[in-house]
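Trainee: got a predicted structure plus its sequence, pasted below:
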Amino acid sequence: MGRLFIETLSGARIFKCKCCKVDSASHDDIVSKEFQGRSGRAYLFRNAVNISLGPSEERMFTSGLHKVNDIYCSSCQQILGWKYEKAYDESQKYKEGMFILEKEMILKESW
């Protein structure tokens, strides 16, 4: 097995994986805090790091049908949320390529 590459984010407000505390996203990349995940509140981010993608699948959300990939922490493999691959409703296209991180799966460290 190869060496694991972990990206470290700069800035004071970084979200980390709750299990292993590896950087996951920057507060500066939050698009919205008004999303719902499997375990409660979730945030929509423009970018996420130190993740691996699961297989593509179509899921029905309250906002309509989307093609998504679950995202996992690349260090500990904890599920963190999902990535929007495709939105079928024109009004939801802004989500394409963005990431949902569930608040229950991430933490704010040193804020």
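Mentor: Okay, I see it.
Trainee: contacting residues for residue 77?
Mentor: residue 52 (C-beta atoms under 8 Å, 6 or more residues apart in numbering). For every residue, glycine as well, the C-beta is placed using N, CA and C.
Trainee: pLDDT score for it?
Mentor: Listed pLDDT for residue 77 reads 97.
Trainee: secondary structure element for it, which one?
Mentor: Residue 77 belongs to no helix or strand when elements are defined using DSSP states H and E.
Trainee: what do you get for residue 8?
Mentor: Counting by DSSP H and E, there is no helix or strand that carries residue 8.
Trainee: find the nearest non-adjacent residue to it, please.
Mentor: Residue nearest to residue 8 in three dimensions, not counting chain neighbours: residue 23, with 5.7 Å by C-beta to C-beta, 6 or more residues apart in numbering.
Trainee: just checking, that neighbour touches residue 7?
Mentor: Yes: between residue 23 and residue 7 there is a contact under C-beta atoms under 8 Å: 6.6 Å.
Trainee: what sits in contact with each of the two?
Mentor: 49, 50.
Trainee: which regions of this structure sit below the pLDDT cut-off?
Mentor: Where the chain drops to pLDDT under 70, the residues are 1, 110.
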